[in-house]
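> Below are the sequence and a predicted model for it; my questions follow.
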Amino acid sequence: MTKLLLLFNTIKFLKPIQIKYRAFYFLRKKVRRFYFFDYSFKKKSNAQNLIFMNSIKNYQSYFLDNHFQFVNLDKKFHKIDWNYIEYGKLWTYNLNYFEYLNQNKMSTEVGLELIENYIKNIENINSGNEAFPTSLRLINWIKFLVLHKINNQEINDSLYAQSYILIDNLEYHLLGNHLLENAFGLLFATYYFEDEKLYSISKRILIEELEEQILKDGGHFELSPMYHQLMLCRILDCINLIQNNKWKNQELLELLSNKAELMLGWLDNMTYINGSIPLLNDSAMGIAPTTLELFEYAKRLSIEMKSCKLLESGYRKFKSTNYEIVIDVGAIGPDYIPGHAHSDTFNFELQLYGKPFIVDTGLSTYENNAQRMSERSTKAHNTVQIAKKEQSQVWGGFRVANRANITDIKESINSIEATHDGYKKEKINHTRKWTYLEDIIIIEDNMNKEVEAIARFHFHPEVSKEEILETIVFKSNDYTISTYQFAPKFNVNIEALVLEVKFLKTLRVEIIVNKTI
């Protein structure tokens with residue numbers, strides 16, 4: 001019954017179109033299996049000669065002599081197994097993305113061998129033929145073929161067939177960045193084959209999804225700085241494609257440019273002075289292009305930043321001479337797709353003198369396991385937990401049932417105060433106020449009644465216990481400093497310190513930042 005209730009409290013937030021497509025794809029799969037349906041992976045094509053200026057070189061995936069490296073895990077194949085699953089589905093997806101085609105020093109001959117090997121085995125490939133990796137593979141194959149001036153009929157026919165298989169499996173059951181990636185992949189195929197049907201579908205999705213997914217303050221609505229960078233890079237690639245090829249009179253260029261300008265503004269607001277991003281929600285280092293790379297790419301495309309105040313995304317940032325603080329006073333994400341959200345309302349990060357001090361605990365895995373559950377939990381964030389309860393019911397790897405809502409927010413020039421109802425079952429409202437002055441940050445937590453509460457502060461691995469006690473000031477003898485696993489990258493965990501302060505109703509913490517750390 002508990003599992004059924006959890007499932008109900010998850011499904012009730014879905015859009016009707018998600019439920020419709022989940023049911024449709026489920027039933028269609030059974031019918032097609034009964035009739036032994038199989039896709040054809042060849043479709044007669046007529047590819048065009050495109051122009052595409054150099055974009056951002058891939059560096060997060062690596063290939064050399066049948067040796068692959070993704071998400072910090074290596075594998076050397078004697079014979080490439082495109083279905084290799086021992087490292088989890090994310091690794092398998094990366095194997096099938098073909099991002100490594102666009103790494104530095106990828107030769108024409110080696111790239112063609114990889115593509116031809118894939119085509120030879122494509123009928124027996126499982127995860128790689130799902131819609132998401134197909135979308136990215138379309139982009140990466142086309143980039144490679146255009147860059148190396150390759151016109152290979154067998155490859156083109158395979159690409160064309162994959163494009164039509166994609167439109168038969170668009171991810172309306174998921175929506176969000178998945179559907180947007182589908183549209184980006186189709187847009188590349190659209191221009192490569194000058195196909196009216198592909199264009200009509202990609203254009204419709206891009207217009208609908210970009211208007212919804214890019215918030216008024218420029219943030220991507222799934223509220224992950226990493227995914228924001230990934231989506232911005234993809235939009236810049238589409239601008240590159242359209243700017244350099246005149247088909248369809250560049251009619252999508254204005255929309256894409258406007259969204260890119262807003263996204264650059266949000267990213268500029270959120271990026272620390274040292275060039276890094278906050279690791280909020282599902283964010284990790286070494287996956288997306290850096291902020292500097294994205295701004296340089298935008299400059300080459302003559303796309304300028306549009307400055308906006310952080311608002312709709314729920315993030316706020318304050319900078320003084322000595323510190324930068326990013327705080328979260330917003331929703332955990334869009335109601336119908338919170339898969340990359342964490343139970344982290346009123347979480348924050350703090351950098352002192354250009355170095356990380358208080359950090360989000362990060363992200364090391366997408367596998368549906370205890371580690372993923374822990375990294376998404378309230379306990380893993382710089383906020384308050386009561387009675388070992390979760391603010392939001394994260395579960396199942398990418399699911400959220402009941403979730404915390406912001407019920408009140410007040411802002412001034414140097415402070416922000418907000419209340420959330422994540423503990424409403426316990427009839428508890430949590431109010432947190434940040435006051436940020438030049439050399440001190442004051443954090444005040446208040447519960448509407450007495451309850452066993454713990455405020456946690458997770459520190460960067462380079463921060464010592466002595467530095468914590470010199471910098472963090474509070475009136476309580478009931479505290480501990482223990483260790484946790486900081487996860488700045490996928491499959492990377494580093495031991496670091498966490499301060500836990502217990503209190504009953506109110507807590508005032510002062511962070512002194514007028515000394516060198």
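Right, received. Where do you want to start?
> Now do the helices in the stretch 301-450 of the chain.
For the stretch 301-450 of the chain, the helices defined by DSSP state H, counting those that start in this stretch cover 370-376.
> again, but for the chain
Shown for the chain, the helices assigned by DSSP state H span residues 2-11, 16-34, 89-97, 108-121, 131-147, 153-167, 176-193, 196-213, 225-243, 253-270, 291-300, 370-376, 465-471.
> contact partners of the fourth one?
Outside helix 108-121, the residues within contact range by CB atoms under 8 Å, 6 or more residues apart in numbering are 41, 63, 80, 82, 98, 101, 125, 128, 141, 144, 148, 150, 152, 154-155, 158. No exception for glycine: its C-beta is placed from N, CA and C like everyone else's.
> Kindly indicate which of these lies nearest Val384.
Gly128 (43.1 Å; CB to CB).
> How about that closest one, nearest residue that isn't a chain neighbour?
Asn96 (3.2 Å; CB to CB, 6 or more residues apart in numbering).
> What about the one you found, how many residues nearby?
By the criterion of other CB atoms under 10 Å, Asn96 has 23 neighbours.
> so where's this structure uncertain?
Filtered on pLDDT under 70, the chain yields the residue ranges 1, 515-517.
> related to what we said a few turns ago, ok, the residue nearest to Gly128 touching Pro133?
Yes. Counting by CB atoms under 8 Å, Asn96 does reach Pro133; the two are 4.2 Å apart.
> hey, what's in contact with both of those two?
By CB under 8 Å, 6+ apart, the residues touching both Asn96 and Pro133 are Ser127.
> For Asn72, what are phi and psi?
Per-residue torsions, Asn72: phi 70, psi 30 (degrees, to the nearest 10).
> State the distance from it to Leu267.
Going from Asn72 to Leu267 by CB to CB, to the nearest Å gives 24 Å.
> neighbour count winner among these two?
The neighbour count for Asn72 versus Leu267, taken as other CB under 10 Å, is higher for Leu267 (22 against 15).
> what's the spacing between the more buried one and Leu301?
Counting by CB to CB - Leu267 and Leu301 are separated by 15 Å.
> for Trp395, same thing?
From Trp395 to Leu301 the distance is 41 Å (CB to CB).
> Just give the number of residues close to the closest residue to Ala453 other than its chain neighbours.
Leaving out its chain neighbours, the residue that sits closest to Ala453 by CB to CB, 6+ apart is Ile386, at 4.8 Å. Here the number of neighbours of Ile386 (other CB under 10 Å) works out to 18.
> Repeat that for the one 5 residues further on.
Counted with other CB under 10 Å, the neighbours of Gln391 add up to 27.
> same thing with Leu253?
15.
> which residues touch it?
Taking CB under 8 Å, 6+ apart as the criterion, Leu253 is in contact with 239, 242-243.
> and which of those is nearest Val359?
Distances from Val359 to the contacts of Leu253, taken by CB to CB, are shortest for Ile239, at 33.4 Å.
> Surely the closest one and Leu255 touch.
No. Using CB under 8 Å, Ile239 makes no contact with Leu255, being 10.0 Å away.
> which of these two has more neighbours?
Neighbours of Ile239 and Leu255, each counted by other CB under 10 Å, are more numerous for Ile239; the result is 22 against 16.
> measure that one to Phe52 for me?
11 Å.
> repeat for Lys505
Shown here: Lys505 relative to Phe52, a distance of 60 Å by CB to CB.
> which of the two has more neighbours?
Set side by side, Lys505 and Phe52 show more neighbours around Phe52, with 18 against 12, by other CB under 10 Å.
> what's the burial count for the nearest residue to that one once chain neighbours are set aside?
Leaving aside its sequence neighbours, Phe52 sits nearest to Val146 (CB to CB, 6+ apart; 4.8 Å). For Val146, the neighbour count with other CB under 10 Å is 22.
> who's in contact with Val146?
For Val146, the contact set (CB under 8 Å, 6+ apart) comprises 50-52, 192.
> from those, which single one is nearest Arg204?
Taking CB to CB as the measure, Arg204 lies nearest Tyr192 of the contacts of Val146, at 18.9 Å.
> from memory that closest one sits against Leu159, does it?
Yes. Applying CB under 8 Å as the test, Tyr192 and Leu159 come out as touching, 7.1 Å apart.
> Quick check: neighbours shared by these two?
What both Tyr192 and Leu159 touch, as defined by CB under 8 Å, 6+ apart, is the set 47, 142.
> Let me see the contact set for the residue most central in space within the chain.
Most central in the chain under CA atoms, centre = their mean is Tyr227, positioned 2.9 Å from the mean C-alpha point. Listed by CB under 8 Å, 6+ apart, the contact set of Tyr227 reads 177, 220, 282-283, 288, 340.
> nearest to Ile201, of those?
Nearest to Ile201 among these is Asn177, at 17.5 Å by CB to CB.
> Out of the helices of the chain, which is the most enclosed?
helix 176-193 (a mean of 25; mean count of other CB atoms under 10 Å).
> Keeping just the C-alphas, turn that one into CSV.
As requested, the backbone C-alpha atoms of helix 176-193 are provided in CSV (Å, rounded to 0.1, in the frame of the first residue of the first chain):
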residue,chain,number,x,y,z
GLY,A,176,11.7,18.2,-20.5
ASN,A,177,15.3,18.1,-21.7
HIS,A,178,14.6,14.7,-23.4
LEU,A,179,12.0,16.0,-25.8
LEU,A,180,14.1,19.1,-26.4
GLU,A,181,17.1,16.9,-27.3
ASN,A,182,14.8,14.9,-29.7
ALA,A,183,14.0,18.2,-31.4
PHE,A,184,17.7,19.3,-31.6
GLY,A,185,18.6,15.9,-33.2
LEU,A,186,15.8,16.2,-35.7
LEU,A,187,16.7,19.8,-36.6
PHE,A,188,20.2,18.6,-37.6
ALA,A,189,18.7,15.8,-39.7
THR,A,190,16.2,18.2,-41.2
TYR,A,191,19.0,20.4,-42.6
TYR,A,192,21.2,17.5,-43.6
PHE,A,193,18.4,15.9,-45.7
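> For that helix, name the packing helices and strands.
Contacts defined by 3 or more CB pairs under 8 Å, 6 or more residues apart in numbering; DSSP states H and E place helix 176-193 against helix 131-147, helix 153-167, helix 196-213, helix 225-243.
> now the angle from the longest one to helix 196-213?
Taking axes from the mean of the first three to the mean of the last three CA atoms, to 10 degrees, one finds that helix 225-243 is oriented at 140 degrees with respect to helix 196-213.
> got it, and the first one?
Between the axes of helix 131-147 and helix 196-213, defined by the same axes, to 10 degrees, the angle is 120 degrees.
> mind listing what the residue nearest to Ile214 when sequence neighbours are not counted touches?
Distances taken as CB to CB, 6+ apart place Lys259 nearest to Ile214, at 4.8 Å, with adjacent residues excluded. Taking CB under 8 Å, 6+ apart as the criterion, Lys259 is in contact with 210, 214, 235.
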